[in-house]
Every structure is written in structure tokens, then in C-alpha cells.
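# need a 3D model of the sequence below.
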Amino acid sequence: MKYRDRQGREYEQTTSQDSFLAAAYSSAMGRALMKFLGCPIFSKCARVILDSKFSVPFIFGFAEKNGIDMFDYEERMYRSFNDFFTRKIKPGRRFITKDKNLLVSPCDGKVTAYKITQSDTFIIKNAVYNTASLLRDSKLAKRYEGGYAVIIRLSVDDYHRYCYCADGVKSHDRKINGILHTVNPVVNNYLPVFKENSREYCMIRTEQFGDIIQMEVGALMVGRISNLHTEGGVKVTKGEEKGYFEFGGSTILLLLEKDKVKLCDDLLKNTREGFETKLLQGSVLGESLK
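Residues are numbered from 1 along each chain as shown. Predicted coordinates:
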């Protein structure tokens, strides 16, 4: 994987997981195995183990192996591995600007940004995405022609609670059941992950940025996406906690309307050049064109 941070520093890292997934998805037998592991029942079984007290001994080794600085998080005893994984960060460890004209990242993660064509599609590596199939709503998808899809991929070392990206009024949550592929970028060479995986989304009606779709996408071992407000007509505030993912890598996807947001140049440039941009929750993604 190739990354850049907001200062332009470059990193290249291939983990054992990256190598395993590349090998698995390059063969028919490997893809069949990964499809089986992606069945929701598998993640539900894993969740039983990760919710149990017997998973507590895994916490320290996991944090050390993945370079997680526990100083950033609340100091307390954890009842299970999932209790640790959904830990809360200390106040002040993520900065959320109060400038209403700035759109922020709802989570920690690695970002790519793509233009949505007039035919409602955007392309990630070899996977072609159609916003209508992503949303399961062709009428709603039309509103995002010519806009942007911003994809924020969380890996296991990231903070897995997420917030609202802007002030506004949210719609009811829509849940789409599916399977649970890994969201590792290598898989986009073989599968249209985001339109096959289980996902939930809502629309946030904002004054500054038009109507934003904020979608949470489940992934391998993520059997549960926990959103705090599922009903519609709720006024929300930028930086207010929206929900959290349980164990595994996950993704948040933002759909932005045409001519509503000027995305930061580095996000678009890095994506064109094959890099993901590493950032933290609250980092600025763009500014209002209003």
C-alpha cells in the first residue's frame, strides 16, 4: 500500500495481510474461501468470542503489534476485546474545527476521492461503481451526478468511532444487507466491494454543502455497525458522535453533490497518483462553494 500524509511525506507498506489477500483473491479457490468467510454468520460467531471475557488477553498484544498509543484513549479496564476495540478517545485528542464552511473527516482513516461521472459511476482500480446500486435508489443517485465520492478506509489501528462530517438535519438510516468482504484495497482488483458489503447510510441536509450521503460499510469480521441515531429529522452537529464499528477494518463513504464542495487538492492529487491520504478524524476534507 502507498500512503501520503497531509505534509506530503510518503510511506509504502505491504503487510502479511496484504500479501495473503492478494494471493487469496487471485485464485478461484481463494475467492470462494474468502466469500465463505464473508458470510454474516461467520462474523456473528466471531463476535460471540470477541464479546466474551476470554478475549481480554488478546488486547495488549494487539495494541503493541499495531502501534496503538493507548495514551490517547480513556484509561479503564476492558471487559472484552470488542469493548477495547470500541474504546473512546480522550477529550481533545481529535480537533474539530468550528468553521461551518469546512467539511471534516468523520473518522480516522486512509482517504481516496473520485469524481462521479454523468452516468452515475466512479472507478476504483478495476471495480466500477454505480451510485444507484450502491444506494439501491436510482432517483437519489441522480442527485450526485458530477459530484464526488470520498472513501475513508479504516484499518485495525484506527479509532473506530465516527462522527458527523457537517452540521445539518439527518434522514432516517437505511440498512442494506450483504456479505462482508475485507475492505483492503487489493480486493477492488477483483470485486466491487462497497456495493456487495452490508452497509448503512443516511442523508445529512446541510446549509453549506448541500445534501451529503454518509455511509458506513461493514467488512470482514465487522458483524455490527452501531449507529446512535437511526431515526430521521434529527438535528446533528459536526463532530458529534454518530456511531462505531466493531472489530475489523471498515469504511465510511461520503457522496457529495456537484458544485457544493471544493475538495482539498492533496486528496485528489494523491488519489490520481495511486496514494491513499492518511488523516485523523476532524481533518479538513474541503470547503463550501456556496
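# any stretches of the stretch 51-200 of the chain with poor pLDDT?
In the predicted model of the stretch 51-200 of the chain, residues 124-127, 180-184, 186-195 satisfy pLDDT under 70.
# chain center to stretch 214-231, what's the gap?
10 Å (CA atoms, centre = their mean, to the nearest Å).
# quick one: the strands in the stretch 101-250 of the chain, in order.
Using DSSP state E, counting those that start in this stretch, the strands found in the stretch 101-250 of the chain span residues 102-104, 109-115, 121-124, 127-130, 148-154, 161-163, 168-170, 174-176, 199-205, 211-217, 225-227, 234-236, 241-245, 250-256.
# in JSON lines: those strands, plus distance to Asp83.
For every residue, glycine as well, the C-beta is placed using N, CA and C. Compiled in JSON lines, the strands of the stretch 101-250 of the chain are given as follows (distance: least, CB to CB, whole Å):
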{"stretch": "strand 102-104", "distance to Asp83": "27"}
{"stretch": "strand 109-115", "distance to Asp83": "22"}
{"stretch": "strand 121-124", "distance to Asp83": "33"}
{"stretch": "strand 127-130", "distance to Asp83": "34"}
{"stretch": "strand 148-154", "distance to Asp83": "18"}
{"stretch": "strand 161-163", "distance to Asp83": "13"}
{"stretch": "strand 168-170", "distance to Asp83": "27"}
{"stretch": "strand 174-176", "distance to Asp83": "24"}
{"stretch": "strand 199-205", "distance to Asp83": "22"}
{"stretch": "strand 211-217", "distance to Asp83": "20"}
{"stretch": "strand 225-227", "distance to Asp83": "13"}
{"stretch": "strand 234-236", "distance to Asp83": "26"}
{"stretch": "strand 241-245", "distance to Asp83": "11"}
{"stretch": "strand 250-256", "distance to Asp83": "17"}
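# wait, which of the ones you listed is closest to Asp5?
strand 109-115 (10.2 Å; CB to CB).
# that closest one pairs with which strands, parallel or anti?
Strand 109-115 has the following sheet partners, assigned by DSSP bridges: strand 148-154 (antiparallel), strand 276-279 (antiparallel).
# winner for burial among those?
strand 148-154 (a mean of 24; mean count of other CB atoms under 10 Å).
# give me the contact list for it.
By CB atoms under 8 Å, 6 or more residues apart in numbering, the surrounding residues in contact with strand 148-154 are 105-116, 122, 124, 129, 131, 160, 183, 185, 194, 245, 249-256, 261, 263, 267, 276, 285.
# ok, Leu103 to Gly67 distance?
From Leu103 across to Gly67, the span is 28 Å (CB to CB, to the nearest Å).
# the two: which has the busier surroundings?
Leu103 (28 against 7; other CB atoms under 10 Å).
# please look at that one and Val261 and confirm they touch.
Yes. Leu103 lies in contact with Val261 (CB atoms under 8 Å); the separation is 5.8 Å.
# sorry, back to before: report the buried members of the contacts of strand 148-154.
Among the contacts of strand 148-154, the ones that count as buried by 16 or more other CB atoms under 10 Å are 105-114, 116, 122, 124, 129, 131, 160, 183, 185, 194, 245, 249-256, 261, 263, 267, 276, 285.
# could you name every residue contacting both of Leu103 and Val261?
Common neighbours of Leu103 and Val261 (CB under 8 Å, 6+ apart) are Phe209, Leu285, Gly286, Glu287, Ser288.
# list the beta-bridge partners for the fourth one.
Per DSSP bridges, residues listed as beta-bridge partners of Glu287: Leu102, Lys262.
# which two in the shared contacts of Leu103 and Val261 are spaced the farthest apart?
Leu285 and Ser288 (11.4 Å).
# list residues touching both of these two?
Leu103, Val261.
# could you measure from Leu134 over to Ile116?
For Leu134 relative to Ile116 (CB to CB), the value is 10 Å.
# oh, I was asking about Lys260
Counting by CB to CB, the gap from Lys260 to Ile116 is 12 Å.
# and Ser80, by the same measure?
Taking CB to CB, one finds Ser80 at 40 Å from Ile116.
# repeat that for Asp265.
The value you get for Asp265 to Ile116, if CB to CB is used, is 18 Å.
# what of Tyr201?
15 Å.
# likewise Cys264?
Taken as CB to CB, the span from Cys264 to Ile116 is 17 Å.
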